[in-house]
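**Q** Here is a sequence together with a model predicted from it:
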Amino acid sequence: MTIRKSIGLSGITQLLIFLLNFGSVLVISRLLTPEEIGVFSVSVGLLSFAHVLRDFGVGNFLIQAKVITRDNLRSAYSVMLYSSWTIAVLLYSIRDVAANFYDQPGIADVLGLIAINFLIIPFGAPVLTLLRREMEFGKVAVVSIGNAVVQVFVTVMCAQNGFSYLSMAWGSIAGMVTNVLLLMIFRPVEMSFFPTIKGIGEVLNFGYKSIILAFSSEAGNSAPDIILGRTLGFSTVAYYSRASGLIQMAVGQVVKVIYDVFLPAFAKDLREGEDPVRGYCKAMSLMVSILAPMIAFIMVMAEPLIILLFGDQWVPAVPIASVLSFYALISCPFLLAGSALIAAGQIAVVMRIQLVIQALTVSIFLTSIWLPLSSVILIQSISTAASIILHAKALELYFGLRINALWQSIRGSYLLVLLSISPSLLLRVLSSGFGFNISLTYIFILGVFSFVCFWLLAVYYINHPIKSEIQKILGSLGSRFK
């Protein structure tokens, strides 16, 4: 399957799943009380690190491996089986302790049910990874959408029939069973489900690095909530969360779609002897041309976006969103650097880079003991700069990709940023600096319309490489409607 078709399928799949989940949230919010939903939410929160451990890096191990043998598959499956079943036993064992800690018996019920998922996961997850490795995104789409449909249906039916906070747990189990059944249809003949201890050393050597990487990332992601909540108060945490959440809401799905395809595609190119410099530069040229203008638009239009989406009480989050958007804008060319290195088998390098970055991140947020949030956000530029420098050095060391070569491939994408956000910037200047009485709703509507139009005009004016991708998509759609 071509990369273009893979990204298209992955994008459509993510959109359908998002719509299904969003619809489910709307329905469940009316069928269950906030307290009932809260019981499940707290239980899921307790599982965040369990999900990091249960995979034990098996997915990335199989994707980056140069050759996959029957023994590789069997040992990878065995590692996931042992780790997942161990977690299932631990979850079941601590369910009453967790329930007593929160003084909520329902948490024990939820954890006891969710433990079943960890017993089921190993029978499907390795097969799903193999499908991604071989770029079989049509089959991945069938599995993912089937899982989501069944999960939403069972959750809603259970909620309607009085299952309360257990509705989501039963839905999750039903979705996982569907996942495994569908994957059994697509299971390659060489896939064995007989566990072994032979050959698991190689998987464990890769896996422990993956675990350290995942835990360090989780620690860095949790640092704002954990530290700011103690040093500057819960309202400060909420403002930071809304600001960072705005960026994630806008670009997170785009990054996920590209990431899901990029890792197996880049690994496949490396196995086939393709030039990694050319592959990374091409991917970045296209990705930055989409993401960087979107991020810049959020940076300029942070105020109308936050007020219209969340309300006037969230105005203090506006400057935070603008600064975080700027950091994301300059980091854009390195968003997939870690994935590229993992595809090349250099997970130890990615692990070391992340340990440094997350240690810096935690240290910077600890300065909130003495400094206000505005100062902490500015100091965050240090970790952003460190991330850019370390990833740039790693790309040069392992792929021979020099920073000037990367810049040559993406400078047109940053020119798109300047051209596409100029109308939005003018609107903001006129409305705030010159006293023009324009409502935020009109500013937002005009901003979105002008942004899309000027982005398309700029793509064609500078003849950006994404122009050919747009023409191919339009040509394909046109041929289908003839």
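**A** Structure received.
**Q** in the stretch 351-482 of the chain, which spans are helices?
**A** 373-379, 381-399, 403-432, 440-461, 466-480 (DSSP state H, counting those that start in this stretch).
**Q** Kindly report the same for the stretch 101-250 of the chain.
**A** For the stretch 101-250 of the chain, helices defined by DSSP H, counting those that start in this stretch occupy the ranges 105-120, 125-133, 137-160, 166-186, 200-223, 229-231, 234-271.
**Q** Tabulate the ones you listed in CSV, adding columns for mean pLDDT and distance to Val350.
**A** Placement of C-beta: from N, CA and C, glycine included. Formatted as CSV, the helices of the stretch 101-250 of the chain follow (pLDDT from 0 to 100; distance: least, CB to CB, whole Å):
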stretch, mean pLDDT, distance to Val350
helix 105-120, 86, 26
helix 125-133, 79, 18
helix 137-160, 87, 24
helix 166-186, 88, 28
helix 200-223, 72, 6
helix 229-231, 71, 29
helix 234-271, 73, 12
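**Q** For Thr86, which of the helices of the stretch 351-482 of the chain is the nearest?
**A** helix 381-399 (33.1 Å; CB to CB).
**Q** Please name every helix or strand in contact with that closest one.
**A** In terms of contacts (3 or more CB pairs under 8 Å, 6 or more residues apart in numbering; DSSP states H and E), helix 381-399 is packed against helix 276-300, helix 317-331, helix 337-343, helix 347-366, helix 403-432.
**Q** got the contact list for that helix?
**A** Outside helix 381-399, the residues that touch it by CB atoms under 8 Å, 6 or more residues apart in numbering are 276-277, 280, 327, 330-331, 334, 337-338, 340-341, 344, 346, 349-350, 353, 356-357, 360-361, 364, 401-403, 406.
**Q** can you pull the buried residues of it?
**A** Going by neighbour count (16 or more other CB atoms under 10 Å), the buried part of helix 381-399 is Ser383, Thr384, Ala386, Ser387, Ile388, Leu390, His391, Ala392, Ala394, Leu395, Phe399.
**Q** What pLDDT is listed against the third one?
**A** Meaning Ala386. Listed pLDDT for Ala386 reads 93.
**Q** Look up how far Thr361 lies from it.
**A** Going from Ala386 to Thr361 by CB to CB, to the nearest Å gives 9 Å.
**Q** do Glu36 as well
**A** 35 Å.
**Q** So which of the two has more stuff around it?
**A** Neighbours were counted for Glu36 and for Thr361 using other CB atoms under 10 Å; Thr361 has more, 25 against 19.
**Q** on that earlier part again, mind giving me the PyMOL command for buried ones among the contacts of helix 381-399?
**A** In PyMOL, this line selects whichever of those come out buried by 16+ other CB under 10 Å:
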select buried, resi 276+277+280+327+331+334+337+338+340+341+344+346+349+350+353+357+360+361+364+401+406
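**Q** residues in contact with the most centrally placed residue in the chain?
**A** In the chain, the C-alpha nearest the mean C-alpha coordinate belongs to Lys256, at 4.7 Å (CA atoms, centre = their mean). Shown in contact with Lys256 (CB under 8 Å, 6+ apart): Gln14.
**Q** picking that back up, right, so of the helices and strands packed on helix 381-399, which gets closest to Leu308?
**A** helix 317-331 (11.8 Å).
**Q** Quick one: neighbours of Ile197, just the number.
**A** 10.
**Q** try Leu32
**A** 20.
**Q** In contact with it, which residues?
**A** Contacts for Leu32 (CB under 8 Å, 6+ apart) come out as Ala159, Ser164, Tyr165, Ser167.
**Q** Only the buried subset of these, as a ChimeraX command please.
**A** Only the buried entries of these go into this ChimeraX selection, using 16+ other CB under 10 Å:
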select :159,164,165,167
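**Q** In the contacts of Leu32, find the pair that's most separated.
**A** Ala159 and Tyr165 (9.4 Å).
**Q** Comparing the helices of the stretch 101-250 of the chain, which comes out most buried?
**A** helix 125-133 (a mean of 23; mean count of other CB atoms under 10 Å).
**Q** ok, now which ones touch the closest residue to Thr231 other than its chain neighbours?
**A** Nearest non-adjacent residue to Thr231, counting by CB to CB, 6 or more residues apart in numbering: Ser368, 4.3 Å away. Counting by CB under 8 Å, 6+ apart, Ser368 touches Ile227, Leu228, Thr231, Leu232, Val376.
**Q** check contacts around Lys198.
**A** Lys198 sits next to Asp71, Arg74, Ser75 when contact means CB under 8 Å, 6+ apart.
**Q** Buried among the residues you listed? Make that a PyMOL selection.
**A** In PyMOL, a selection of the buried entries from those looks like this (16+ other CB under 10 Å):
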select buried, resi 74+75
